[in-house]
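> Coordinates only, no sequence provided:
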């Protein structure tokens, strides 16, 4: 329910409920927005300011006082001030003693300061109960009520009563408080709004590098080579034909890279004979962004499907097929039907469709609300069993696509094999190693290691 | 976890836990369903009724007493009675004093009464703690356990202890309580189950009007015009060809309308020189349903993609292409290849695919569970940067589709340009204005205004 | 926010916060993983072990003591021991008195024991407050931080303070506690991680049986029959043509089976004249897995769409169309245009696209996060109104596909009608009965019955 209290009239409030007063230090944009929202939701608001007389633009209904006077009016004080100006609070330690200070600040970049702003505030005013909150909400969103991105307000603090009171306010403003534990969590909470898809960066750059490399590879084989040897202008292939080679190869390679770290980890554990040694950092990081790798792969697979399905409506394809038929008609000879070609063409298409279908299923189960609704056993079943099946189907799709021409020397141009051959290297490697790993003798050892057994242990 | 307590046996309950008694006033359908569910979850249930002797059909195990006797048995009384019959409660004020009254009522239409039912109840029985809850759950769903729609129970009330106790009951029934704050929220909570996609109404009607207008426009140009001048029966075009003109134009127009209000708002702010004046109501409402507009646009784009991909399997297309080839074969002349046509055809298709791909990405990020998992910066990046890129790609797709024939007089029929020309008006306008707005001189002023600066302010 | 506390340094903790000590009984894999995680999150951890001297591999920083000594150090004791070894706890009843025991155990199969492990534990140590938690989290996920599947920890217990303390720990570990009520819920919570898509089993087996049956039916009609009578090798049809007959029929039948139980229930209620008698068990179970039936149907519909869209790029289709044109060109005769064929072909395709579009919409609204965001009225509108519209469109699509050849005797092979005729039986039956049920006279009776009226009642 998109509950906002913009239309609520504080005057019609149930008289049995006393209006709570909240104090806001700072009259900047966010302070004003928060104050307005609180007034609309039935709170009394007092602003604390350096120059209470000169402050303008405040929401009507709010009082403005000096810092110390404002602080006396309420048990909860929201610090809507930049961290650099926190110093003056040390002069107010007496009046702030025992009060709840809500730190809503954000920094300009990650790790700007050694400790989080909230912990710094708690250090400056040791007698107060500091609660971190509201830093993930934007001033504009508060004003307009357009809280599409997220209504979640992460809250943390060492005093659980103080935290509870702040969470009640959050709820009354129509937002969703998320208790994140003690003030130690403030560092994470402050980092959060500054991130821009951190887990997606590696998959994104990796796929960009792959795409650029494959693009030049295909341009050399499909545009420059025919131009040099046959003087044919094939540049128009750069719009659809070449992307439709790049996308499936990138998709298949990224999908294989989702399963490669698991395979490497298994080999490492077998080699070390124990699971109680940390993996190298690169492997840990790789394992943690497998979901993102898989979803980027799904994106490329989706593009490949669309690029393939439009083939028959392309001018070039219609022209080529039309001319072929005209030539045949002029020569008055019909094309004989080849059952093996029909089998190859149909099975390569069918394998691709089934692979894409399972891939889409995998993508749907990685939606947060879906993966929250399955248990660990189901998740493992989908991501591991169905995942490998997808990889097998997509690899088979590419192998059958190659069909008879696979690695035939006539297909080399300037000693370069067709691009899809490159795309098969990593998937086939992963599948072969995995096949070895699931052989009973290897699998048993691995299972014992994963259950805690150690080869070199004295037990 | 789809936890229901239907199979739980209250008799095997841990003896250390005392069975809580809940009283239900009213023996109608919802009262009975709730009572049955509570019995199944281990509660004692006492029904209060006008005629305790004549009441039938109650779940076995429940007691039936007169109102006042039933009320004495429990601290929590669920009022499963229509608001019109609340009057009799005034006679029971003494016995209800200090008790928790749970208002579960719904009205037949929105704003039927000036105040919410729960507030009316609190007014009638001032000594009781009124909590609003359960009104969003259907009796049928409670009985069958098929709570697919929503397990969320919105709860509000002025007394936090009373609210807490009701939320515990909600949880014990396997439902999810959502604390909505004070009793003031009851009005919103009561409005909620009566709504039927309120935010979708404007986008839906707008797109319906657009579709109908474009349908007649296309029928005139593509069916009536050829019939009048060439006596050709083109009516079959109404099944696929004409919808496949209507859908992309509607999609593109709606997508542009998602970004138009932001552009208008920027112009207004620049003109006024301040951000501290409210936008007109129509603009506010428009801005709040942008997400819905975008999703309707995505629906039309999806239809356009499907209608386009089936082109080659249509009888008409196969017939036309076949006949074209037959004619050429009879004339024994091959069709020369035009590189520029290949470029045009391929790039217009590629632009369309990439635009649709980004559009689908935008759609996925607007799923509630996905948008909850991104922070504000990421959401703005996706919805604003990727959104404009989508608009640019889709507009370019339409422009290249027009290609050489764009606005050529030979393409006018009864002075009517081709339909896609109409579809370009709003997107091009939005893109041109946006382009002006992001020029440094304009952008700087706008940024300052959005940070709180005012042109006519004395500061 | 993917908050983990792996990087948090317990030493930099706010000094005002006392480090809480947690005791873990058992030094197996899960105990160690949980201990490590807790140490990383700033807890003191004491392990209780049978042989404290011989225990190795524990995370550094943790203490190991005998069971009774370890128990004395903390108010919260996590029992990371298999249920079979719980007996020794009876010897510790004294020292465990008043403490919180967290049962994290899982069994190997569902219903292995008459009562849940947590209730058994509460029975063994009656003086302690038993809380069930953590059983849905895997040791590996805890260690690696890769908690994609689910961060939800289901918590239940009879003592609400004990439960609250455990939920605080859960939150501090970066997980999401879900209060499931009293200890009675432990049975459900313990069943949960052992399930493998229980609601999907019936739809899955049903569709498998349907697919196998239809496969053999189609092989007989399309492969064996032509081989016997025309010696044609049609085996390549098994890759795409035959699946593309099986999938739409399965999809349509499953979709009709989603609506059939509702229709049967209505007939039962009309026949019995009351809604206060339970439906037979098979009907109840059927009604509860309608969502899963529908989603499986959507999967088959999706496959049907992909298989249909690739038709023009198949070798067989290109060969057939090319040869057809060549033959015409050789005979020098153009194919006359048939408006009725164009109408039939286009309208059958358009009906299919619209049906699939609505089907996808239904699928999207059944995503947990979307269905949580709609109210009961909206959910009913989508699933019932739009659902029936989808069924009507898809049935019409199949009927028009049949077109003129529908049931014509020339289409029988070995007295077997075309497969799509079989697919129409259930959908048409459902639609006809539904049509009867919504006729005013029947509908009025049904509505009264559903509002609680009884035909044979004395009222």
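Okay, I see it. Everything numeric here is computed off the predicted structure, so don't read it as measured data.

> Tell me the residues of the stretch 1-150 of chain A that contact chain C?
A:1, A:115, A:119, A:122, A:126 (CB under 8 Å from any CB of the partner chain). In short, each C-beta sits where N, CA and C put it, glycine included.

> Out of these, flag the one nearest to residue C:154.
Ranked by distance to residue C:154 (CB to CB), the residues of the stretch 1-150 of chain A next to chain C are led by residue A:1 at 24.9 Å.

> Now do the phi/psi pair for residue A:103.
Per-residue torsions, residue A:103: phi -90, psi 120 (degrees, to the nearest 10).

> Enumerate the beta-bridge partners assigned to it.
Counting by DSSP bridges, residue A:103 is bridged to residue A:79, residue A:132.

> Do I have it right that it meets residue A:123?
No. Residue A:103 is beyond contact range of residue A:123, at 11.6 Å (criterion: CB atoms under 8 Å).

> So which of those two has more stuff around it?
residue A:103 (30 against 12; other CB atoms under 10 Å in any protein chain shown).

> State the distance from the more buried one to chain C.
Applying CB to the nearest CB, to the nearest Å, the value for residue A:103 to chain C is 13 Å.

> for residue A:397, same thing?
Per CB to the nearest CB, residue A:397 is found 12 Å from chain C.

> Do I have it right that residue A:306 meets residue B:359?
No. Using CB under 8 Å, residue A:306 is not in contact with residue B:359; the gap is 11.9 Å.

> Looking only at neighbour counts, state which of the two leads.
Shown here are residue A:306 and residue B:359; by other CB under 10 Å, residue B:359 has more neighbours (24 against 20).

> Can you give the domain ranges for chain A?
Per the TED database, the structural domains of chain A span A:19-194, A:200-451.

> for stretch A:376-396, how far is the first residue from the last?
29 Å (CA to CA, to the nearest Å).

> how about it, does it get close to chain B?
No. Judged by CB under 8 Å from any CB, stretch A:376-396 stays clear of chain B, getting no closer than 11.6 Å.

> How far away from the center of its chain is that stretch?
21 Å (CA atoms, centre = their mean, to the nearest Å).

> Following the chain past the least confident helix or strand in chain A by mean pLDDT, name the next helix or strand.
Lowest by mean pLDDT, DSSP states H and E among the helices and strands of chain A is helix A:139-144, with a mean of 68. Using DSSP states H and E, the next helix or strand after helix A:139-144 towards the C-terminus is strand A:152-157.

> mean confidence for that following strand?
Model confidence over strand A:152-157, given as mean pLDDT, is 86.

> same for it, what does it pack against?
When contacts are defined as 3 or more CB pairs under 8 Å, 6 or more residues apart in numbering or on different chains; DSSP states H and E, strand A:152-157 packs onto strand A:129-132, helix A:160-172, strand A:176-179, helix A:186-191.

> hey, which of those is tucked in deepest?
Among these, strand A:129-132 has the highest mean neighbour count (mean count of other CB atoms under 10 Å in any protein chain shown), at a mean of 28.

> Give me the contact list for it.
A:98-104, A:116, A:118-119, A:121-122, A:154-159, A:161-163, A:166, A:183, A:185-186, A:189-190 (CB atoms under 8 Å, 6 or more residues apart in numbering or on different chains).

> Stretch A:240-252 now?
A:207, A:210-211, A:214-215, A:218-219, A:222-223, A:297-301, A:303-304, A:307-308, A:310, A:314, A:394-395, A:398, A:419-420, A:422-424, A:427, B:346, B:349-350.

> is it true that residue A:214 touches residue A:418?
No. Residue A:214 lies out of contact with residue A:418 (CB under 8 Å); the separation is 11.6 Å.

> returning to that earlier point: could the domains of chain A go into TSV alongside distance to residue C:320?
As requested, those are arranged in TSV below (distance: least, CB to CB, whole Å):
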stretch	distance to residue C:320
domain A:19-194	51
domain A:200-451	8
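
> Residue ranges in the stretch 101-250 of chain A under the pLDDT threshold?
The stretch 101-250 of chain A contains residues with pLDDT under 70 at A:140-141, A:143-150.

> 80 instead?
The model of the stretch 101-250 of chain A has pLDDT under 80 over residues A:138-152, A:160, A:171-181.

> on that earlier part again, ok, which of the domains of chain A comes nearest residue C:179?
domain A:19-194 (12.9 Å).

> If we ignore the residues flanking it in sequence, what's nearest the residue of the stretch 101-250 of chain A at minimum distance from chain C?
Across the stretch 101-250 of chain A, the shortest distance to chain C (CB to the nearest CB) belongs to residue A:181, at 4.2 Å. Leaving out its chain neighbours, the residue that sits closest to residue A:181 by CB to CB, 6 or more residues apart in numbering or on different chains is residue C:172, at 4.2 Å.

> distance of the closest residue to residue A:81 other than its chain neighbours from residue A:48?
Excluding its sequence neighbours, the residue lying closest to residue A:81 (CB to CB, 6+ apart) is residue A:26, at 4.1 Å. In this view, residue A:26 and residue A:48 are 7 Å apart by CB to CB, to the nearest Å.

> Check residue A:204 too.
Following CB to CB, the distance that separates residue A:204 from residue A:48 is 44 Å.

> Residue A:238 now?
62 Å.

> Which of these two has more residues huddled nearby?
More crowded of residue A:238 and residue A:48, by other CB under 10 Å: residue A:48, with 30 against 18.

> Would you double-check that that one falls in a strand?
Yes. Assessed with DSSP: H, G, I helix; E, B strand; the rest coil, residue A:48 lies in a strand.

> Look at the closest residue to it other than its chain neighbours and say how many residues are nearby.
Leaving aside its chain neighbours, residue A:48 sits nearest to residue A:70 (3.3 Å; criterion: CB to CB, 6+ apart). By other CB under 10 Å, the residues close to residue A:70 number 23.

> Give me the angle between the helix or strand containing residue A:317 and helix C:315-331.
Following DSSP H and E, one finds residue A:317 within helix A:315-331. If you take axes from the mean of the first three to the mean of the last three CA atoms, to 10 degrees, helix A:315-331 sits at 50 degrees to helix C:315-331.

> ok, and for helix A:315-331, which residues are buried?
With burial defined by 16 or more other CB atoms under 10 Å in any protein chain shown, the residues of helix A:315-331 counted as buried are A:315-319, A:321-323, A:325-326, A:328-330.

> Would you mark the buried spots in stretch A:216-233?
By neighbour count on 16+ other CB under 10 Å, the buried set for stretch A:216-233 is A:217-219, A:221-223, A:225.

> What is the distance between it and the centre of its chain?
With CA atoms, centre = their mean, you get 38 Å for stretch A:216-233.

> So what would you say the end-to-end distance of that stretch is?
Using CA to CA, one end of stretch A:216-233 lies 16 Å from the other.

> so, in contact with chain B or not, that stretch?
Yes. Using CB under 8 Å from any CB, stretch A:216-233 comes into contact with chain B via residue A:233.

> returning to what we had before: what residues are up against the residue nearest to residue A:181?
A:181-182, C:5, C:41-43.

> immediately after the longest helix along chain A, which helix or strand?
The longest helix of chain A (DSSP state H) is helix A:243-272. Following helix A:243-272 in sequence order, the next helix or strand is helix A:281-288 (DSSP H and E).

> Residue A:192: neighbouring residues, count only.
Applying other CB under 10 Å, we find 21 residues neighbouring residue A:192.

> Chain B contacts on the stretch 151-300 of chain A?
A:151-152, A:168, A:171-172, A:174, A:192-197, A:233, A:235-236, A:239-241, A:243, A:299.
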